[in-house]
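*Asks:* what would the 3D arrangement of this be:
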Amino acid sequence: MTRSALSQLGQRTADPPISWLMHLTLAHPHLISLAAGFTDNESLPVTETRALLERALVAGPIGQKALQYGPTLGDLRLRELTADRLRALDGAPIAADGYSAKHTLISNGSQQALYLLTEALCDPGDIVLVEDPTYFVYLSIAQSHGLRCRGIRLDQDGLDLQCLEETLESLRRDGELPRVKMLYLVSYYQNPTGVTTSFAKKAGALKLLKKYEKAAGHPLYLLEDAAYRELRFQGPDTHSALAVKGFANRVLYTGTYSKPFATGARVGFALLPEPVFTVVARLKGNHDFGTSNLVQQLLRHALEAGRYAHHLEALQRRYHEKSAVMVAAVRRHFPKSVAWQEPNGGLYVWAKLPGRLKSGPKSKVFKLALAHDILYVPGWLCYADDPARPKPDSELRISFGGATLDNIKTGIARLGEVLNGLIRP
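*Replies:* Okay, the predicted model is just below:
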């Protein structure tokens, strides 16, 4: 038998769940998808973007610069604007650690930053601690790199710190702590649950990681994925982990301009301490020489002209409206025994079915929903393959981000019909 010429990573990388969900959507042309994490189509800033591109492409040196290669790290002015914006969101002083443009890198969406950080820090067999449940696309990155993920239980305000400490202690006893590289958090309006990690929980997590660094023999980082931070439409903002005094050198912060402005403009960013920053920059140079300079100039002008902030306010109002429509429909159509929580931001509602009723792709719920032309994300996709924690199979993620208001109403009504047919009062 001829051996494969593929690398171990190439052979190891499985088809991501998002591909399967997209295939289902394409195979059912009348399907209402409450699964896709797409942003609102009607609010995409077409007119504003055209005006911004005209500004970026003015004749002469300015337009030429936009169409030329840019630095691997990203446009310096955009990096400055990004660091300043994050410092302002955190209410941090100008001289605060962790908010320097010199340690800010522009990426092709925050997804590339997550991949580069994993590549920079992790070897096959290493361990990443993740929320239980977590962003299932990151689980695919971890799987492709041959990593082991250990799930940490979630409370209503983020990580269960007792569970985190018990997991770290168990890994220490088993001699596995040197293989732990980082704790990964989707800290704002989490994908999939909508939970926001409180500032106190971020500080507590950093202190626990620091406590176990000596036994690990190397730094233990907190990777804060803040992709949904600016999609807050009610309630107060929460400071990032960078604002925890004395721990900026252990925080890897990633964010994006894609979701708050336009997902077609694939621009993300990362604020990183040394030596991680330098290694990620080198890896990015090998990947792409730098993120599209034209799109960076678009975002730079959007920020400088106030167009970004103006659009963001409108987008937050739009998501508040769509969330309210979904919440009202869930209240009206779902059985009372289905548990869920009203979101304060982001794109998702997370629901838990009662008893032993399952929601996975082989379940009656999923098959009947598909027969009713409704698609959701089965919750089990969002749990790590952790031998210490069995995967629940009774939850589902529904998204109000990309669906129209009519499709939200119709989709929830159909899904409610399915659930009411299976859940007896």
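
*Asks:* now the strands: where do they sit in the protein?
*Replies:* Defined through DSSP state E, the strands belonging to the chain, from first to last, are 32-33, 104-107, 127-132, 148-155, 158-159, 180-186, 221-225, 251-256, 268-271, 339-340, 348-352, 374-375, 377-378, 395-399.

*Asks:* make a markdown table from those strands and add distance to Lys367 to it.
*Replies:* All C-beta spots, glycine's among them, are computed from the backbone N, C-alpha and C. Written out in a markdown table, the entries for the strands of the chain read as follows (distance: least, CB to CB, whole Å):
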| stretch | distance to Lys367 |
| --- | --- |
| strand 32-33 | 16 |
| strand 104-107 | 39 |
| strand 127-132 | 26 |
| strand 148-155 | 27 |
| strand 158-159 | 34 |
| strand 180-186 | 29 |
| strand 221-225 | 32 |
| strand 251-256 | 34 |
| strand 268-271 | 36 |
| strand 339-340 | 21 |
| strand 348-352 | 17 |
| strand 374-375 | 11 |
| strand 377-378 | 11 |
| strand 395-399 | 13 |
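
*Asks:* columns mean neighbour count, mean pLDDT and distance to Gln8 on top of those, output as TSV?
*Replies:* Putting those into TSV (neighbours: other CB atoms under 10 Å; pLDDT from 0 to 100; distance: least, CB to CB, whole Å) gives the following:
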stretch	mean neighbour count	mean pLDDT	distance to Gln8
strand 32-33	22	92	35
strand 104-107	27	98	25
strand 127-132	25	98	18
strand 148-155	20	96	16
strand 158-159	24	96	32
strand 180-186	25	98	19
strand 221-225	25	98	24
strand 251-256	25	98	25
strand 268-271	27	98	26
strand 339-340	16	97	41
strand 348-352	22	98	34
strand 374-375	24	94	34
strand 377-378	24	95	29
strand 395-399	26	97	32
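
*Asks:* any weak-confidence spans in the stretch 251-400 of the chain?
*Replies:* Within the stretch 251-400 of the chain, no stretch has pLDDT under 70.

*Asks:* looking at the strands of the chain, spot the one closest to Asp75.
*Replies:* strand 104-107 (6.8 Å; CB to CB).

*Asks:* circling back to that earlier point, out of the strands of the chain, flag the one nearest Ala328.
*Replies:* For the strands of the chain, distance to Ala328 was read as CB to CB. The smallest value, 11.6 Å, belongs to strand 348-352.

*Asks:* give the partner strands of the closest one in its sheet and their orientations.
*Replies:* Using DSSP bridges, the strands paired with strand 348-352 in its sheet are strand 339-340 (antiparallel), strand 395-399 (antiparallel).
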